[in-house]
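1. Compute the structure for the input listed below.
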Amino acid sequence: MSELQEQGSAVEDIGVTLDGHVATIEMRRPPNNFMDVDLIAAIGTALERLDGEPECRSIVLAAAGKHFCAGGNLKQRLEVEAGGGKFVPPTRHPYKEARRLVATRKPIVAAVHGSAIGAGLGLAAVADFRVTCKEARFAANFTAIGFHPGFGLTLTLPRLVGQQRARWMFFAGQRITGEEAYAWGLADRLVEQDNVRAVAQEMAADIAKAGPLAVQATRETLNLDFLAAFRAATEREAFEQNWLRETNDYKEGVQAGFDRRPPVFTGT
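-> Numbering: from 1, shown residues only. Prediction:
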């Protein structure tokens with residue numbers, strides 16, 4: 001196994017290794033691996049670099065710590081926005097970075113050993129396959145804090161679980177278990193928690209046994225319409241999030257989430 005990450009690079013929040021023909025990208029912000037534009041950009045850079053690595057044929061996306069990705073950091077968001085700043089920088093929108101993830105060529109297997117919440121669910125959903133366990137939790141909890149779904153989930157989630165189940169996850173914002181995720185088609189394999197990454201690597205190794213040029217060409221064909229649709233979805237999501245971010249309900253939802261109490265929405 002070789003370490004591909006360069007010292008002092010901009011991808012300090014991740015590690016990238018190559019074992020045979022299978023690369024592993026590990027998020028290293030334990031325990032929660034909170035998502036922001038820098039982490040998304042780091043993953044995008046790693047995926048683009050692996051596109052140019054001829055020995056790499058498939059990729060596992062994994063995480064150190066308790067959770068795969070628990071979404072955005074509510075405490076950080078509150079601190080930035082309370083000071084008059086913008087949690088989402090206008091010049092580096094996270095969804096522009098997310099589009100880089102779906103534009104790369106090599107198959108991705110996500111190893112979801114803990115929670116995948118909000119943007120973390122969006123990240124898991126852009127992978128080709130997901131391995132999980134009964135202890136994992138999945139949630140598109142945007143409306144629970146008075147916000148609009150993002151990270152392309154309005155496109156990816158219905159494709160994985162169907163329109164009705166996606167609507168329930170969006171509208172109610174409730175978490176589902178790893179067992180439910182597997183039953184609904186959100187996860188492809190359900191295994192013991194300690195085996196999640198190993199099984200994801202086994203799946204990636206199975207992919208790597210096939211002709212790499214043929215696999216990449218097939219993936220590109222399957223994703224032809226998806227790439228344009230993902231861009232359109234994220235543009236729409238960003239538009240709706242922009243105005244909702246200024247509402248009282250959103251501010252109450254974020255504060256309530258940080259306070260760990262039910263929000264009191266007023267529809268304003």
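
2. Not counting sequence-adjacent ones, nearest residue to residue 122?
-> residue 151 (2.5 Å; C-beta to C-beta, 6 or more residues apart in numbering). Every C-beta, even on glycine, is put in place using the N, C-alpha and C of the backbone.

3. Spell out which helix or strand contains residue 110, please.
-> In this structure, residue 110 sits in strand 108-112 according to DSSP states H and E.

4. looking just at contacts, which helices and strands does that strand meet?
-> On a contact count with 3 or more C-beta pairs under 8 Å, 6 or more residues apart in numbering; DSSP states H and E, strand 108-112 meets strand 58-63, helix 119-125, strand 129-132, helix 196-208.

5. Could you identify the helix or strand that succeeds it?
-> Counting by DSSP H and E, the element after strand 108-112 in chain order, helix or strand, is strand 116-117.

6. quick one: average confidence on that following strand?
-> Strand 116-117 carries an average pLDDT of 98.

7. Only the C-alpha atoms, please, for the strand holding residue 110, written as PDB.
-> Output in PDB follows, covering the C-alpha atoms of strand 108-112 (Å, rounded to 0.1, in the frame of the first residue of the first chain):
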ATOM      1  CA  ILE A 108     -16.500   4.900  -6.300                       C
ATOM      2  CA  VAL A 109     -17.700   2.700  -3.400                       C
ATOM      3  CA  ALA A 110     -18.600   4.600  -0.200                       C
ATOM      4  CA  ALA A 111     -17.900   2.900   3.100                       C
ATOM      5  CA  VAL A 112     -20.600   4.400   5.400                       C
END
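
8. just the angle between it and strand 58-63, please?
-> Put simply, strand 108-112 runs at 20 degrees to strand 58-63, going by axes from the mean of the first three to the mean of the last three C-alpha atoms, to 10 degrees.

9. Run the chain-centre distance for strand 108-112.
-> A distance of 10 Å separates the centroid of the chain from that of strand 108-112, by C-alpha atoms, centre = their mean, to the nearest Å.

10. Tell me which residues are up against that strand.
-> Residues from elsewhere that reach strand 108-112, judged by C-beta atoms under 8 Å, 6 or more residues apart in numbering: 47, 58-63, 68, 123-124, 126-133, 136, 138, 178, 187, 196-197, 199-201, 203-204, 207.

11. by how many degrees do it and helix 196-208 diverge?
-> Using the same axes, to 10 degrees: strand 108-112 against helix 196-208 is 170 degrees.

12. on that earlier part again, which one of the helices and strands packed on strand 108-112 lies nearest to residue 234?
-> Ranking the helices and strands packed on strand 108-112 by proximity to residue 234 (C-beta to C-beta) places helix 119-125 first, at 9.4 Å.

13. Find me the pLDDT at the closest residue to residue 70 other than its chain neighbours, would you?
-> Once flanking residues are discounted, residue 70 sits nearest to residue 32: 4.1 Å by C-beta to C-beta, 6+ apart. Here the pLDDT value assigned to residue 32 is 95.

14. ok, now which ones touch the residue nearest to residue 122?
-> Contact analysis of residue 151 by C-beta under 8 Å, 6+ apart lists 94-95, 98, 118-119, 121-123, 125-126, 234, 237.
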